[in-house]
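A.B. asks: how would this look folded up:
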Amino acid sequence: MAQTPDIPTRFIDDKSPICIPFILSQLESHKQRNPNRPFIIGLNGVQGVGKTTLVRALSNTLQEREGLSTLVLSIDDFYLTHADQLSLAASHPDNALIQYRGEPGTHDLPLLTQFLTSLLNPTFTQPLHIPSYNKSAFSGLGDRNPPSTFQTLSTPPKILILEGWLLGFRSLSASALQEAYSSLESRTLHKHTLSNLEFINSALAKYEPIWNTFDTFVHIDAQNLEWVYDWRLEQEQQLRREKGEVNSMTDEQVVKFVDAYYPAYELYEQGVREGVFKSDESKKGCQLRLVVGRDRRVEDKIII
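C.D. replies: Sure, this is the predicted structure:
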């Protein structure tokens, strides 16, 4: 049942042994409150930190050792179709943040909401089709796969893991956004106009009802966010060695690629650190934050 991608063997998993006991403890509490509802885990990991390794390890352990049917979804599989992304970009030609997929506003939220609503429906109707996305389509611009290729789900899983780099990001007030934009320490915000940042901030607010469905949240953070540039460069250099120059990005392309995501880190990562469920007292203690060092190994563990 689980949808788990292949992972690079060079990553060492020191995170799932910490996450699994936390998740199982949260699951026990969930069973008492909602015994018939799938347990939803939101998982956010900064790019290059080894999130895919962790997701696969969690899925395998929960299914094989614990006997818990587990479905893994990536928010990436709910990107807009190629045609809709082109339309969005054309309607905002001066906003570099939404010319390509990635930032808030480039996902098909009605599709994701419909999927989750169907999955959580007490009178689960089968089959439920699982969308998937092909990032290599249209020379790397990407497109949703044809519905005829979607896998189907006949029974709801015990556990759903929804993962993605922006999960848990919450929109800022107008004053907080202005304050962040005025900061002299920003690396990428000043490459964009305030109005363009306001666009993604407004779009992000529409994601938050999805975050509110999470029963627990795992956040893989870095002591220094700028390491995402180094980690992404290392990944592409490894890919270059394995598959050749034509199948990988140059160092300059990697920096440009990460630059497209980094404004959201600068705006919203601190909010995730403070707590995705900050305003919900009933979910106090339901977030696990793991902070990694430059070598991607866990240096600190915080329960929020």
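
A.B. asks: residue contacts, V255?
C.D. replies: If you count contacts by C-beta atoms under 8 Å, 6 or more residues apart in numbering, V255 has them with 229, 233. (C-beta placed from N, C-alpha, C; glycine too.)

A.B. asks: From A176, how far out is it?
C.D. replies: Per C-beta to C-beta, to the nearest Å, V255 is found 27 Å from A176.

A.B. asks: Run through who's touching the helix or strand containing S29.
C.D. replies: Element membership for S29, per DSSP states H and E: helix 16-33. Here helix 16-33 makes contact (C-beta under 8 Å, 6+ apart) with 37, 39, 41, 54, 57-58, 61-62, 66, 68, 159, 215-216, 218, 286, 288, 290, 298, 301, 303.

A.B. asks: If we go by neighbour counts, what in that helix is buried?
C.D. replies: Within helix 16-33, the residues that count as buried by 16 or more other C-beta atoms under 10 Å are 16, 19-20, 22-23, 26-27, 30.

A.B. asks: Pull up the pairing partners for the following helix or strand past it, direction included.
C.D. replies: Toward the C-terminus, helix 16-33 is succeeded by strand 39-45 as the next helix or strand (DSSP H and E). According to DSSP bridges, strand 39-45 has the following sheet partners: strand 159-163 (parallel), strand 216-222 (parallel).

A.B. asks: Can you give the distance from stretch 251-267 to the centre of its chain?
C.D. replies: Mean-position distance between stretch 251-267 and its chain equals 15 Å (C-alpha atoms, centre = their mean, to the nearest Å).

A.B. asks: go on, stretch 273-288?
C.D. replies: Counting by C-alpha atoms, centre = their mean, stretch 273-288 comes out at 18 Å from the chain centroid.

A.B. asks: Next, the buried residues of the helix or strand bottoming out on mean pLDDT in the chain.
C.D. replies: One helix or strand of the chain scores below all others by mean pLDDT, DSSP states H and E: helix 227-243, with a mean of 87. Applying a neighbour-count criterion of 16+ other C-beta under 10 Å, one finds 227-229, 231-233, 235-236, 240 buried in helix 227-243.

A.B. asks: do the same with stretch 190-202
C.D. replies: Neighbour count says stretch 190-202 has 192, 194, 196-201 buried, by 16+ other C-beta under 10 Å.

A.B. asks: And those, which is closest to Y133?
C.D. replies: Nearest to Y133, judged by C-beta to C-beta, of the buried residues of stretch 190-202 is I200 at 19.7 Å.
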